[in-house]
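1. here you go, sequence then predicted model.
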Amino acid sequence: MKAIQTINLTKRYGKHRGIENVNLAVDEGDFFGFIGPNGAGKSTTIRTLLGLIYPTSGTAEIFGKHIVDDKTEILAQIGYLPSEAAYYGNMKVRDILSFAAKTRRADCKKEAAELCERLELDTSRRISELSLGNRKKVGIVLAMQHRPKLYILDEPTSGLDPLMQQEFYSLLRERNEQGATVFLSSHILSEVTRYCEHAAVIREGSLLVSDSVKKLAHTGVKQVSLQGIKAAPEIQNAANMSFKNNCAKFLYKGDRVELIRALSKLTFEDVTIADPDFEDIFLHYYTKEGK
């Protein structure tokens, strides 16, 4: 069964673009990365899946259930962490956690206590006293304490220090190994390449590609570095061009003979052509040249 399945899912805000004809499939038990630059449509997709906003056209299902018709039943199986969350400032952390558990009619005391211990979250403090990172921890516990079948996490590590980021992903891996599906939205490429099995790239509201992270690495793109060049080269099919200290770097996807022919017209001291790392490959999709 598919944990998430969308068919031509579209959301428009009047004349403004949200997402357009998004066709996405996430298998149950997958650890899935949903990536793209800010404003690409990641949060709009997530909010539509959760029924927080309604699609303009198209459809989607979660665990085979319609996101609009079966919204209440679906939400009972989901742990959602928004990119930004607001809580009642005067409430203590333990009261927020208890309140959320009661709304789900679940006993989450033991699970919440274990999560708070691992995340070093002081439940006696009021929300208004917490730093950004500790408020993010509250959101993580709220998303995980009822042990849902599906985690939908929108930019989950913003505000967390590196040690807490590592502990957070350890928790997610454990839940995933126990059968839960993880759907992770992020613009931090290193997170996706390190932890996810599959990934999809969205840009300007449209889904560009969806595949295993390993297969996405084999795009035919090369990273070219030119040392000792006094001007950035104008090379067709080059993307993500950077120029610093007489060194030009760019990604290239195209005919290798054409690349060599173009390079032969330039003056430089040395050239390196190599396979890019995962982050550079994903950046290739972020640009219009990478489409």
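-> Looks like it arrived, so ask away.
2. state which strand of this structure is the longest.
-> Ordering each strand of the chain by length in residues (DSSP state E) puts strand 2-13 first.
3. tell me what it is packed against?
-> strand 16-22, strand 25-27, helix 42-49, strand 57-62, strand 181-186 (3 or more C-beta pairs under 8 Å, 6 or more residues apart in numbering; DSSP states H and E). (Glycine included, C-beta is placed from N, CA and C.)
4. just the C-alphas of the third one, formatted as CSV.
-> I take that to be helix 42-49. Presented in CSV, the C-alpha positions along helix 42-49 are these (Å, rounded to 0.1, in the frame of the first residue of the first chain):
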residue,chain,number,x,y,z
LYS,A,42,6.7,21.9,-0.2
SER,A,43,4.5,23.3,2.6
THR,A,44,1.6,23.8,0.3
THR,A,45,1.7,20.1,-0.6
ILE,A,46,1.9,19.1,3.0
ARG,A,47,-0.9,21.3,4.1
THR,A,48,-3.1,20.0,1.3
LEU,A,49,-2.3,16.4,2.2
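5. run through who's touching it.
-> 4, 6, 9, 11, 18-19, 22, 24, 34-36, 53-55, 60, 62, 67, 80, 83, 152, 154, 185, 187, 202, 205 (C-beta atoms under 8 Å, 6 or more residues apart in numbering).
6. please apply the same query to stretch 168-184.
-> 3-4, 26-34, 115, 118-119, 140, 144, 147-153, 156-157, 160, 191-192, 194-196.
7. ends of it, what's the gap?
-> Distance across stretch 168-184, first residue to last, is 12 Å (C-alpha to C-alpha, to the nearest Å).
8. show me what the mean pLDDT comes to for it.
-> What stretch 168-184 shows for mean pLDDT is 97.
9. re the thing from before, please pick the buried ones from the contacts of stretch 168-184.
-> Buried by 16 or more other C-beta atoms under 10 Å: 3-4, 26, 29-34, 115, 118-119, 140, 144, 148-153, 156-157, 160, 191-192, 195-196, out of these.
10. if you look at the residues you listed, which of them are in strands?
-> Residues of the buried ones among the contacts of stretch 168-184 located in strands (DSSP E): 3, 4, 26, 31, 32, 33, 34, 150, 151, 152, 153.
11. wait, the last one touches residue 81, no?
-> Just to be clear, that refers to residue 153. Yes: using C-beta atoms under 8 Å, residue 153 is in contact with residue 81, at 4.5 Å.
12. return every residue with contacts to both of those two.
-> Residues touching both residue 153 and residue 81 (C-beta under 8 Å, 6+ apart) are residue 143.
13. residue 251 reaches residue 276, doesn't it?
-> Yes: Residue 251 lies in contact with residue 276 (C-beta under 8 Å); the separation is 6.1 Å.
14. widest-spaced pair of the ones in strands among the buried ones among the contacts of stretch 168-184?
-> Spatial extent of those (C-beta to C-beta) is set by the pair 33 and 150 at 14.7 Å.
15. for the protein, name the helix or strand with the lowest mean pLDDT.
-> helix 278-286 (a mean of 68; mean pLDDT, DSSP states H and E).
16. do a quick rundown of the helices in this structure.
-> Assigned by DSSP state H, the chain shows helices spanning 42-49, 71-75, 93-103, 109-119, 132-144, 162-177, 189-195, 213-216, 256-263, 278-286.
17. in JSON lines: those helices, plus distance to residue 126.
-> Output for the helices of the chain, formatted as JSON lines (distance: least, C-beta to C-beta, whole Å):
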{"stretch": "helix 42-49", "distance to residue 126": "28"}
{"stretch": "helix 71-75", "distance to residue 126": "27"}
{"stretch": "helix 93-103", "distance to residue 126": "8"}
{"stretch": "helix 109-119", "distance to residue 126": "15"}
{"stretch": "helix 132-144", "distance to residue 126": "11"}
{"stretch": "helix 162-177", "distance to residue 126": "20"}
{"stretch": "helix 189-195", "distance to residue 126": "30"}
{"stretch": "helix 213-216", "distance to residue 126": "41"}
{"stretch": "helix 256-263", "distance to residue 126": "60"}
{"stretch": "helix 278-286", "distance to residue 126": "39"}
